[in-house]
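[1] sequence below, structure please.
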Amino acid sequence: MTASAAIPKAMPDWMQHFTEYFAGLGARWGMDADLCRVHAWLYLTARPVAVANIATALSLPPDTIADVVSRLKDMGVASKSADGKWSTGGDPWALLLAGLEQRRREEVPMAQSTFGRCLEQAKADGAAAGTTARLEAINAMAGDIAALDAQASRLSPERLRQIVGLTGRTARFFNRLGGKGR
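    Purely as a prediction, here's the structure:
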C-alpha cells in the first residue's frame with residue numbers, strides 16, 4: 001500500500017487524515033509509510049488491538065501488519081500484551097524520537113564519511129581554495145551535528161521534551177514582542 005492509498009471510509013475522516021498525514025510524513029523522512037500509518041492509527045485508537053483488526057481497519061494484509069508492529073516494538077514505540085494485542089504509548093514524542101534516532105544512525109555517519117572523502121579528494125586534486133574552504137566548512141558542520149547529536153541522545157525523552165517546550169515558549173514570547181526573526 002502506498003502512502004497515498006486511502007483508508008476505508010468506515011474510519012472517521014479526521015482519523016483518516018491524521019493517519020495518512022503521518023504515513024506521508026514518515027515517507028518524507030525516509031521511513032516506511034505503513035510503519036508510520038500503523039503507529040498513528042494505534043496512537044489514536046488508544047487501546048490494545050489485534051493484528052487482524054489493525055489489518056481490517058487499514059486495509060493492509062495481516063502479514064504486513066505483523067511485520068510493522070514487530071518493527072515498532074524494536075523501535076520501542078509499540079508493545080504486545082499477553083493476549084497478543086498491540087498498542088502504543090500516549091507520548092507523542094516517542095515516534096518522533098525513534099524516527100530521529102533511525103535517521104541519525106543512517107545519515108550522520110554517511111554525511112561525515114562522504115564530506116570527509118570529498119574534502120580529501122578535493123585537496124588531492126588541487127581544488128580552488130574557495131571550494132576547499134566550503135568543503136571544510138560543511139565537513140566541520142557535520143562533525144558539529146554529530147557531536148550535538150551524541151549529547152542529545154543522552155537526554156531522556158522527558159528532558160528533551162522540556163528543553164523543546166521551553167525553547168518554543170521562549171520563541172513565542174519573542175514573537176509577541178514583535179521579533180521578526182530572520
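
[2] need the single longest helix in the chain, by residues.
    In the chain, assigned by DSSP state H, the helix with the most residues is helix 93-124.

[3] give me the buried positions along the helix or strand just after it.
    Downstream of helix 93-124, the first helix or strand assigned by DSSP states H and E is helix 129-152. Buried residues in helix 129-152, counting neighbours by 16 or more other C-beta atoms under 10 Å, are found at Leu135, Asn139, Ala142, Asp149. All C-beta atoms are positioned from the backbone trio N, CA, C, and that covers glycine.

[4] likewise stretch 80-95?
    Quick answer for stretch 80-95 (16+ other C-beta under 10 Å): Lys85, Trp86, Ser87, Thr88, Ala94, Leu95.

[5] including pLDDT, could those residues go into JSON lines?
    Formatted as JSON lines, the buried residues of stretch 80-95 follow (pLDDT from 0 to 100):
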{"residue": "Lys85", "pLDDT": "97"}
{"residue": "Trp86", "pLDDT": "97"}
{"residue": "Ser87", "pLDDT": "95"}
{"residue": "Thr88", "pLDDT": "92"}
{"residue": "Ala94", "pLDDT": "73"}
{"residue": "Leu95", "pLDDT": "70"}
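
[6] which of these lies closest to Ser79?
    Distance ranking of the buried residues of stretch 80-95 against Ser79, using C-beta to C-beta, places Ser87 first at 6.1 Å.

[7] tell me what the strand or helix carrying the closest one is packed against?
    Under the criterion of DSSP H and E, Ser87 resides in strand 86-88. Judged by 3 or more C-beta pairs under 8 Å, 6 or more residues apart in numbering; DSSP states H and E, the packing partners of strand 86-88 are helix 33-45, helix 62-75, strand 78-80.

[8] okay, the second one in CSV with CA atoms only?
    Presented in CSV, the C-alpha positions along helix 62-75 are these (Å, rounded to 0.1, in the frame of the first residue of the first chain):
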residue,chain,number,x,y,z
PRO,A,62,-2.2,-9.1,8.2
ASP,A,63,1.4,-10.2,7.5
THR,A,64,2.3,-6.6,6.7
ILE,A,65,0.8,-5.5,10.0
ALA,A,66,2.7,-8.3,11.9
ASP,A,67,5.9,-7.1,10.3
VAL,A,68,5.2,-3.4,11.1
VAL,A,69,4.2,-3.9,14.7
SER,A,70,7.3,-6.0,15.2
ARG,A,71,9.4,-3.2,13.9
LEU,A,72,7.5,-0.7,16.0
LYS,A,73,8.3,-2.9,19.0
ASP,A,74,12.0,-3.0,18.0
MET,A,75,12.0,0.8,17.9
